[in-house]
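> Provide a 3D model corresponding to the input given below.
(2 chains)
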Amino acid sequence: MPMKARVSTFGLLAGTALAITTIVGLFVVPADAAQGDVQRIMYVHVPSAWLAYLAFLVTFVSSVLYLWRRELRFDRLAIAAAEIGLVLTGITIVTGAIWGKATWGKWWDWDPRLTTTAILFVVYAGYLLVRQSLGDRYRRARLAAVYGIVAFVNVPIVHFSVLWWRGLHQAPTVIRPGDPSIDHTLLFELLASLLSFTLVFIWALRRRTALEAGRDAADLTLGPGT
Amino acid sequence: MSLLVDAVVLARKDIRVELRAGQAFGSAAALAGIALILIGLAVGPQPERLRSLAPAVVWIALLYAALAVAERLEQIDRSDEAFTGLWLVLTDRRSLFVGRVISLSVALFLLQLAIWVAATILLDLPVRPEYAGLVLVATFTSLAAASVIALVSAVVADADRRSLLVPVALLPLLVPTFIAGVQASTALLDGRSSDGLLWTGAAAVEAGLFIGVGLLAYESAARPD
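Residues are numbered from 1 along each chain as shown, chains lettered A, B, ... in the order given. So this is what the prediction gives:
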């Protein structure tokens, strides 16, 4: 039976929110006084980075829950979040490089934050590779959960690297002691972008988890690899 | 108590096998030596530059050597169903993890010291009293690295394309230890003892964290099917 492409109400809401914040970010909010139009890329870069952290946190928590409860739904959540986190980390690196070229004059610098973000990307690429290399479904879930827990240790190191070492990357401008060092209009748009990205993240997480559940159901009825 | 007693017995078994066969340490030391020479060749005859790069050079050599040690120790355990036998005999299986961490730590500690001696000679590093701090750095970084290696080796033990997967899965996870090791030894070589102590403390925290994770997760990672 052919599958119908169905867009849920939540998906529609998330897509609309993303479209609105994109239009507002590009055409309504004024350009940054110091950086000009290139600063607008931050409305993608910052939410992607934050949600990548959230995605890896979801993978970590789901991995712990899987080892505790041995229910496949937690493993499905872990893989879904890891894949989305990897895509978001990729977006963070690419948008950061574009911003870096315009601001620092180069695509890449061996700054601690950039380097550790790249390492984070490799760590979770490794997580997906480990999963692919393990055959049996339950064994794969168990071993991936262990790897997912160890991998998460890298996430706080990435975040705090900016505070520990001096580099080109700027210090936190929103989450820091005292007032955020960003204009309130720009901050509002940044938070609106974060909200719309979060909605898209939740929608993608649900879709990807459902896809994995469908795969598990197919394996159960038709045999593995179908 | 039984955990530690069993772990020490298992670690002694690993060390005794290594002393008799000498394969893991020998090949790891050779690999580290090759890495050291290759990096020296790549940089060229620039003593100042080589000296400033020394901590990174030593740590890159150590990481590759660590892969060789991990691979060899895992092979010994997994051959002839030896690991399954150990799994069935032991009451507290966390001792398998602790034992492996002890034997790997000893190997990595000795390797690290050997690489530092070789680097001091080859890269013409000035010998300073602060060098004594490197022993402390080697202790904690070896413990941290050994915990990660023991855990990840168990995860990928029976995976397809294992030889390719081990470095891909392991090296990124060793980055925190790599950073702490490089920063601590750079500070000590520059005569900044307080910074060196701070980064050694970071390595100690990492060691505690990874050992804790290992104690909780190793049984899930290593259980034979």
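> which SSE is residue 135 in?
Defaulting to chain A. Assigned by DSSP states H and E, A:G135 belongs to neither a helix nor a strand.
> Please refer instead to chain B.
helix B:133-155.
> how about the helices in the chain?
No chain in the question, so chain A it is. Secondary structure of chain A by DSSP state H: the helices cover A:9-23, A:42-69, A:72-103, A:112-132, A:137-152, A:154-164, A:184-222.
> um, chain B though
For chain B, the helices defined by DSSP H cover B:2-21, B:23-43, B:47-78, B:82-89, B:94-122, B:133-155, B:162-170, B:175-189, B:193-222.
> which one of those helices lies closest to A:R40?
Smallest distance to A:R40 across the helices of chain B (Cβ to Cβ): 32.1 Å, for helix B:175-189. (Each C-beta comes from the backbone N, C-alpha and C, glycine too.)
> Just want the angle from the closest one to helix B:133-155.
Helix B:175-189 runs at 170 degrees relative to helix B:133-155, counting by axes from the mean of the first three to the mean of the last three Cα atoms, to 10 degrees.
> How far off centre is helix B:175-189?
In terms of Cα atoms, centre = their mean, to the nearest Å, the centre of helix B:175-189 is found 14 Å from the chain centre.
> what does stretch B:191-205 give?
With Cα atoms, centre = their mean as the basis, stretch B:191-205 stands 18 Å off its chain's centre.
> just stretch A:66-78 next, same as before
Counting by Cα atoms, centre = their mean, stretch A:66-78 is centred 20 Å from the centre of its parent chain.
> got the buried residues for it?
Within stretch A:66-78, the residues that count as buried by 16 or more other Cβ atoms under 10 Å in any protein chain shown are A:66-67, A:74-78.
> what sits against B:S147?
By Cβ atoms under 8 Å, 6 or more residues apart in numbering or on different chains, the contact set of B:S147 is B:101, B:207, B:210-211, B:213-214.
> Filter these to keep only those in contact with chain A.
B:210, B:213 (Cβ under 8 Å from any Cβ of the partner chain).
> For B:V117, state which of the contacts of B:S147 is nearest.
Of all the contacts of B:S147, B:V117 sits closest to B:A207, with 23.1 Å by Cβ to Cβ.
> So the closest one is in contact with B:A144, correct?
Yes - B:A207 is within contact range of B:A144, at 4.0 Å (criterion: Cβ atoms under 8 Å).
> neighbour-wise, which of these two wins?
The neighbour count for B:A207 versus B:A144, taken as other Cβ atoms under 10 Å in any protein chain shown, is higher for B:A144 (29 against 24).
> Go through the contacts of B:S147 and say which is closest to chain A.
B:V213 (6.0 Å; Cβ to the nearest Cβ).
> State the number of residues packed around that closest one.
A total of 18 residues lie near B:V213 under the criterion other Cβ under 10 Å.
> swap in B:V148?
Using other Cβ under 10 Å, B:V148 has 27 neighbouring residues.
> ditto for the one 4 residues further on
Look at B:V152: counted by other Cβ under 10 Å, it has 27 neighbours.
> Tell me which residues touch it, please.
Contacts of B:V152 by Cβ under 8 Å, 6+ apart are A:147, A:150, B:166, B:169-170, B:173.
> near chain B, which residues of chain A show up?
A:67, A:116, A:119, A:122-123, A:125-126, A:129-130, A:133-136, A:139, A:142-143, A:145-147, A:149-151, A:153-154, A:157.
> how about 7 Å then?
Contact residues, chain A versus chain B (Cβ under 7 Å from any Cβ of the partner chain): A:67, A:119, A:122-123, A:126, A:129-130, A:133-134, A:139, A:142-143, A:145-147, A:149-151, A:153-154, A:157.
> Using JSON lines, please lay out the contacts of B:S147 together with pLDDT and distance to A:V29.
What follows is those, written out as JSON lines (pLDDT from 0 to 100; distance: Cβ to Cβ, whole Å):
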{"residue": "B:V101", "pLDDT": "94", "distance to A:V29": "53"}
{"residue": "B:A207", "pLDDT": "91", "distance to A:V29": "47"}
{"residue": "B:F210", "pLDDT": "91", "distance to A:V29": "44"}
{"residue": "B:I211", "pLDDT": "94", "distance to A:V29": "49"}
{"residue": "B:V213", "pLDDT": "92", "distance to A:V29": "43"}
{"residue": "B:G214", "pLDDT": "93", "distance to A:V29": "48"}
